[in-house]
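> Would you be able to build a 3D model of this:
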Amino acid sequence: MPSCIEPSNNQHLFTLRVYYEDTDVGGIVYYANYLKFFERARTEWLRKLGITQSNFLEQNFAFVVRYVEMDNIASAKLDDQLTVTSQIKQLKRASLVFKQQIVDQQERLIATATIKVAAINNKQGKPCAIPQMILGALPRVS
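Here you go, the predicted model:
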């Protein structure tokens, strides 16, 4: 079961175990699953800050991924314990930029990503400002 470690200094750590479903027949994590691991880490960080995405969906607000740049450096394997580090690098009126990385239990760098999420009115499908309730819960960006 994935677990979260308390955020500090605008940084959040999320740990998870690589399951068989995450891998190919050779026991290597399929590259697209790193995007899922990054997503889970961001979601759990928001949840830890009291921001549940399901509540905002009910209010027709959502975050959508606008841009991804990912570098797959090494391969994670079946049963590896991974840690995803997330940090907010930029906060604008209607978007957030996250820098994220995945390391294994030997602290070997597996993958890095820069991910920009945009705020949208889910009903209209158009950009909107990030609600003040969310802005107030996010750590300060230096």
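
> use CA for all of it now, contacts and neighbours both
OK.

> Can you show me the helices along the protein?
For the chain, the helices defined by DSSP state H occupy 32-48, 53-58, 132-137.

> Out of those, the one nearest residue 109 is which?
Residue 109 lies closest to helix 32-48 among the helices of the chain, at 12.4 Å (CA to CA).

> now the helices of the chain in CSV, with distance to residue 25 and mean neighbour count?
Listed next are these as CSV, based on distance: least, CA to CA, whole Å; neighbours: other CA atoms under 10 Å:
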stretch, distance to residue 25, mean neighbour count
helix 32-48, 14, 18
helix 53-58, 34, 13
helix 132-137, 41, 12
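
> Turn these into a markdown table, including distance to residue 107.
Shown next, in a markdown table, are the helices of the chain (distance: least, CA to CA, whole Å):
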| stretch | distance to residue 107 |
| --- | --- |
| helix 32-48 | 16 |
| helix 53-58 | 30 |
| helix 132-137 | 30 |
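
> all strands for this structure, in order.
3-8, 11-17, 61-72, 81-91, 95-103, 109-121, 126-127 (DSSP state E).
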